[in-house]
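Asker: Have a look at this prediction, sequence included:
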Amino acid sequence: MTFDANRPVAVVTGASSGIGRSTARKLVEHGRQVIGVGRDPGRCAEAETEISSSAGGGAFRMLRGDFTLMADVQRVAEEIKGLAPRLDVLVNNAGGVRDRRIVTAEGTEATFAANHLAPFLLTRELLPLLRAGADREPARVIAVSSSAHRMSEGLRWDDLQSLHRFQPAAAYGQAKLANILFTRELARRTAPDGIVAQAMHPGVVATNFASHGDERMRAHMAAADTVPPDEPAETLLWLATGAEGGRDGGRYFHRKTEETPSEAARDDTAAARLWSESEKLLAELGF
């Protein structure tokens, strides 16, 4: 299966459940060709069956990959290149929290790997497709960040991955801050290519997001006033297809409204350094 080069193509990571699944379905209903990425085989199969039958004239294909592993991210990027000659939208949604420090087989910390390194690598590898998709209107890269970025006063450069000082909520806050800083630097670097990068906060969403979190995180989610996945998916659809999401990159949104992120998230020197540090770490891993 290859997608029609004359019709828009979107990639949504974390599309097997929750926000990503709702977003992929809405894009298909909007007539878009969509490539979803998920980890769990059972949920991937369910999502492909459900979304493929959605009305609206779009198309859907599900790929599998564990985004704590950069080898899987690289493989998924190559599979996407084989399916589509162009890419109009990339929604970097996959992520999550952990209840303890988990070091992957590649030597990275799982929270940092899934929430920051994976979208960084995937975006970098798909930039040629995004440039090709920007021939008619701006291509868009959208990061699902979080208000949790406000917990961090700045990235800890001496322990960027929280390998040595790990606390679940703090590690997650660092990774979500990294999402916004990456978005700002990506927007700066790719604006001449017609690529617009934005970030958003989905709210506290009723999903399985915190199932691997610690007791404090699970208790917070249980007590919170949650919203269904369709609500943030509406904002992602709006950013992916509406006029506002296609202009003035590097911004941060919640419920279709621009918000001001934390001071640390507006540090463009830190954003540039994060890009360099991420490239260095990936090079050490062989990517």
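Answerer: Arrived safely.

Asker: okay, CA-based contacts and neighbour counts for the rest of this
Answerer: OK.

Asker: Now the residue nearest the centre of the chain. Its backbone dihedrals?
Answerer: In the chain, the residue lying closest to the centroid (C-alpha atoms, centre = their mean) is residue 92, at 1.8 Å. Dihedral pair for residue 92: phi -90, psi 90, per degrees, to the nearest 10.

Asker: so where is the stretch 1-150 of the chain shaky, pLDDT-wise?
Answerer: 1 (pLDDT under 70).

Asker: For it, just list every one of the helices.
Answerer: Secondary structure of the stretch 1-150 of the chain (DSSP state H, counting those that start in this stretch): helices located at 18-29, 41-52, 70-83, 110-112, 118-133.

Asker: same thing with the stretch 151-287 of the chain?
Answerer: Using DSSP H, counting those that start in this stretch, helices in the stretch 151-287 of the chain cover 168-190, 215-223, 230-241, 268-285.

Asker: Lowest average pLDDT across the ones you listed?
Answerer: Mean pLDDT per stretch puts helix 215-223 lowest among these, at a mean of 50.

Asker: Most tightly packed of the helices of the stretch 151-287 of the chain?
Answerer: helix 168-190 (a mean of 24; mean count of other C-alpha atoms under 10 Å).

Asker: got the angle for that helix vs helix 118-133?
Answerer: If you take axes from the mean of the first three to the mean of the last three C-alpha atoms, to 10 degrees, helix 168-190 sits at 20 degrees to helix 118-133.

Asker: Dump helix 168-190 to CSV, restricted to CA.
Answerer: The C-alpha trace of helix 168-190 is given here as CSV (Å, rounded to 0.1, in the frame of the first residue of the first chain):
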residue,chain,number,x,y,z
PRO,A,168,9.0,10.2,38.0
ALA,A,169,7.1,13.6,37.9
ALA,A,170,10.3,15.6,37.6
ALA,A,171,11.6,13.5,34.7
TYR,A,172,8.3,13.8,32.9
GLY,A,173,8.3,17.6,33.5
GLN,A,174,11.8,17.8,32.0
ALA,A,175,10.7,15.8,28.9
LYS,A,176,7.7,18.0,28.4
LEU,A,177,9.8,21.1,28.7
ALA,A,178,12.1,19.6,26.0
ASN,A,179,9.0,19.2,23.7
ILE,A,180,8.4,22.9,23.7
LEU,A,181,12.1,23.9,23.4
PHE,A,182,12.5,21.4,20.5
THR,A,183,9.4,22.9,18.9
ARG,A,184,10.8,26.5,19.1
GLU,A,185,14.1,25.5,17.6
LEU,A,186,12.5,23.3,14.9
ALA,A,187,10.3,26.3,14.0
ARG,A,188,13.3,28.6,13.7
ARG,A,189,15.3,26.1,11.6
THR,A,190,12.6,25.0,9.2
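
Asker: Now do that helix: which elements does it pack against?
Answerer: helix 110-112, strand 139-144, strand 195-200, helix 268-285 (3 or more C-alpha pairs under 8 Å, 6 or more residues apart in numbering; DSSP states H and E).

Asker: who's in contact with the shortest one?
Answerer: The contact list for helix 110-112, computed with C-alpha atoms under 8 Å, 6 or more residues apart in numbering, reads 68, 95-98, 101-104, 161-162, 171-172, 175.

Asker: Please check the residues you listed and keep the buried ones.
Answerer: With burial judged by 16 or more other C-alpha atoms under 10 Å, the buried subset of the contacts of helix 110-112 is 68, 95, 96, 97, 98, 101, 161, 162, 171, 172, 175.

Asker: Which two among those residues are spaced furthest apart?
Answerer: 95 and 162 (16.0 Å; C-alpha to C-alpha).

Asker: need the contact list for residue 255.
Answerer: Contacts of residue 255 by C-alpha under 8 Å, 6+ apart are 202, 231, 232, 235.

Asker: I'd like the helices and strands packed on helix 168-190 as TSV, with distance to residue 155 appended.
Answerer: What follows is those, written out as TSV (distance: least, C-alpha to C-alpha, whole Å):
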stretch	distance to residue 155
helix 110-112	12
strand 139-144	18
strand 195-200	18
helix 268-285	8
